[in-house]
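Asks: this one's structure only:
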Ligand SMILES: Cc1ncc(COP(=O)(O)O)c(C=O)c1O
């Protein structure tokens with residue numbers, strides 16, 4: 001009987017943070033002041049902030065309590081022991097190097113494993129991951145299954161790596177040229193789509209065949225496991241904890257941003273199975289992040305991550321969390337908003353190409369759409385398209401990604417479904433006035449990770465029509 005009740009938050013609020021909605025003219029002024037880059041807005045000027053699910057979680061009372069028992073010793077902190085144990089219990093990797101966040105873990109792992117001229121194969125690499133690979137003088141190859149590039153294709157595991165293409169790629173360049181395979185679960189840049197356990201097993205076999213290390217970017221592993229349980233009948237009877245362990249058992253280690261499924265506001269780690277690899281990675285960690293028992297974090301942060309890693313496996317929490325994203329997706333679809341199907345684990349992705357058919361790719365339709373959603377309802381999303389893809393560092397040419405998306409990432413345990421209704425209503429209004437929305441052009445373009453700090457100017461719709 002309980003299952004028939006409508007879903008509600010499996011928690012109640014103990015502390016609240018007021019938010020306010022500016023008027024439309026105030027939002028237009030704020031947008032202009034931020035140079036049409038939503039990263040440059042003040043968070044006080046945002047009503048519903050779906051820029052990212054990273055570091056934006058509401059921590060639990062147990063996490064806040066754990067902060068008080070943080071051991072701030074430089075070396076040998078007992079908070080590190082608690083984190084190490086939690087990682088081993090949840091993911092099964094015994095060797096843990098804490099880092100200040102996910103990209104710190106990428107920096108340490110890639111400094112250990114990646115040499116200039118090599119390749120790192122993945123499903124769709126995240127932007128900081130790609131940038132760190134390129135920073136090592138290597139190339140990041142996206143080899144996800146073709147379905148991920150079709151927003152209409154509602155296949156259950158669009159995050160899967162195309163193992164045949166990866167095999168052909170390795171044969172082509174030779175296994176020594178491939179530093180590692182890194183599969184991101186769920187595949188954030190590809191629409192938050194999950195990776196099946198069967199696919200991870202196939203990647204393991206591929207890695208063994210060529211003797212190439214295989215890692216996970218595991219920052220959303222609990223959400224991936226929950227979606228495996230939902231979408232693969234073979235896993236319907238398993239716990240999320242068991243599925244996470246099985247996923248990790250197939251890899252040699254992982255990078256992890258604890259700002260996602262660690263339910264913490266900061267933190268990350270590299271986790272490894274092989275003690276020899278741990279020894280090789282350790283000096284890089286000390287150089288970039290700090291001593292091995294704190295890794296750029298306060299002891300209290302280590303405690304919060306250790307508790308968060310255990311909490312995130314809770315079935316009621318995941319059912320509500322992933323369910324909220326799915327309810328947002330359904331509401332937007334019913335409002336006629338063009339979307340990537342199916343819903344991702346942490347986010348809904350709007351298909352800007354179909355939303356703004358009159359805006360050509362070189363006028364950055366997804367950037368224009370993200371700005372329009374802010375103007376219409378104070379909702380902040382993020383462009384995942386040509387702006388984020390940047391330029392090829394070898395040729396300087398604009399990359400032209402196959403998808404132009406706006407990601408609405410839902411922070412964990414933060415917003416209610418009433419907030420999601422406002423988001424749906426905002427998108428409906430933006431859709432109704434889409435003909436008047438123009439494009440964007442750069443007025444300042446930084447050379448690395450340009451989307452974070454670039455400045456833009458709008459191109460009026462009338463000007464696009466003339467071009
Ligand atoms: C899949 C993925 N990998 C890595 C990162 C980088 O993590 P961080 O922001 O903690 O550096 C992110 C952040 O959003 C991510 O989504």
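Replies: The structure has been received and is ready for your questions. Owing to the predicted nature of the structure, the values given are computational and were not obtained by experimental measurement.

Asks: Identify, by residue count, the longest helix of this structure.
Replies: Secondary structure of the chain per DSSP state H: the longest helix is helix 315-334.

Asks: how far off helix 315-334 does the next helix or strand after it point, in degrees?
Replies: Next in sequence after helix 315-334, counting helices and strands by DSSP states H and E, comes strand 347-351. With axes from the mean of the first three to the mean of the last three Cα atoms, to 10 degrees applied, the angle from strand 347-351 to helix 315-334 works out at 20 degrees.

Asks: What's the mean pLDDT across strand 347-351?
Replies: Averaging pLDDT along strand 347-351 gives 97.

Asks: Report all helices and strands that the helix or strand that that strand is followed by contacts.
Replies: Note on strand 347-351: by DSSP H and E, the next helix or strand toward the C-terminus is helix 352-355. The criterion is 3 or more Cβ pairs under 8 Å, 6 or more residues apart in numbering; DSSP states H and E, and the helices and strands that helix 352-355 contacts are helix 365-377. Where you see a C-beta, it was placed from the backbone N, CA and C, and this is true even at glycine.

Asks: how about stretch 405-415: buried residues?
Replies: Residues of stretch 405-415 classed as buried: 405, 406, 407, 408, 409, 410, 411, 412, 413, 415 (neighbour count, 16 or more other Cβ atoms under 10 Å).

Asks: check whether that stretch contacts the ligand.
Replies: No. Stretch 405-415 does not reach the ligand (Cβ under 6 Å from any ligand atom); its nearest approach is 8.5 Å.

Asks: got the end-to-end distance for that stretch?
Replies: 22 Å (Cα to Cα, to the nearest Å).

Asks: next one: stretch 402-416
Replies: Stretch 402-416 has its terminal residues 33 Å apart, counting by Cα to Cα.

Asks: ditto for stretch 446-455
Replies: Note: stretch 446-455 ends 9 Å apart using Cα to Cα.

Asks: now check that stretch, is it near the ligand?
Replies: No. Residues of stretch 446-455 are not located near the ligand by Cβ under 6 Å from any ligand atom, the shortest gap being 11.1 Å.

Asks: what comes into contact with that stretch?
Replies: Applying Cβ atoms under 8 Å, 6 or more residues apart in numbering, the contact partners of stretch 446-455 are 35-37, 39-40, 127-128, 131, 383, 387-388, 390-391, 442-445.

Asks: Just the buried ones among these, please.
Replies: Buried members of the contacts of stretch 446-455, scored by 16+ other Cβ under 10 Å, are 35, 36, 37, 40, 127, 128, 131, 383, 387, 388, 390.

Asks: Just give the nearest non-adjacent residue to whichever residue of the chain sits closest to the ligand, would you?
Replies: Nearest residue of the chain to the ligand, counting by Cβ to the nearest ligand atom: residue 102, 2.4 Å away. Leaving aside its sequence neighbours, residue 102 sits nearest to residue 257 (Cβ to Cβ, 6 or more residues apart in numbering; 2.6 Å).

Asks: Tell me which residues touch the one you found, please.
Replies: Taking Cβ under 8 Å, 6+ apart, we find residue 257 in contact with 54, 101, 102, 103, 105, 219, 267, 268.

Asks: By neighbours, which of the residues you listed wins?
Replies: residue 105 (33 neighbours; other Cβ atoms under 10 Å).

Asks: Residues of the stretch 101-250 of the chain that sit close to the ligand?
Replies: Within reach of the ligand by Cβ under 6 Å from any ligand atom, the stretch 101-250 of the chain has these residues: 101, 102, 103, 126, 128, 129, 184, 188, 217, 219.

Asks: In these, find the pair that's most separated.
Replies: 101 and 184 (15.5 Å; Cβ to Cβ).

Asks: And this structure, what are its domain boundaries?
Replies: Using automatic domain parsing, the domain ranges for the chain come out as 2-53+314-466, 61-311.

Asks: for the longest one, the distance to its chain's centre please.
Replies: Yep, that's domain 61-311 we're talking about. What separates the centre of domain 61-311 from the centre of its chain is 12 Å, taken as Cα atoms, centre = their mean, to the nearest Å.

Asks: From the centroid of this protein, which residue is nearest?
Replies: In the chain, the C-alpha nearest the mean C-alpha coordinate belongs to residue 188, at 4.1 Å (Cα atoms, centre = their mean).

Asks: surely residue 307 meets residue 62?
Replies: Yes. Assessed by Cβ atoms under 8 Å, residue 307 is found in contact with residue 62 at 5.3 Å.
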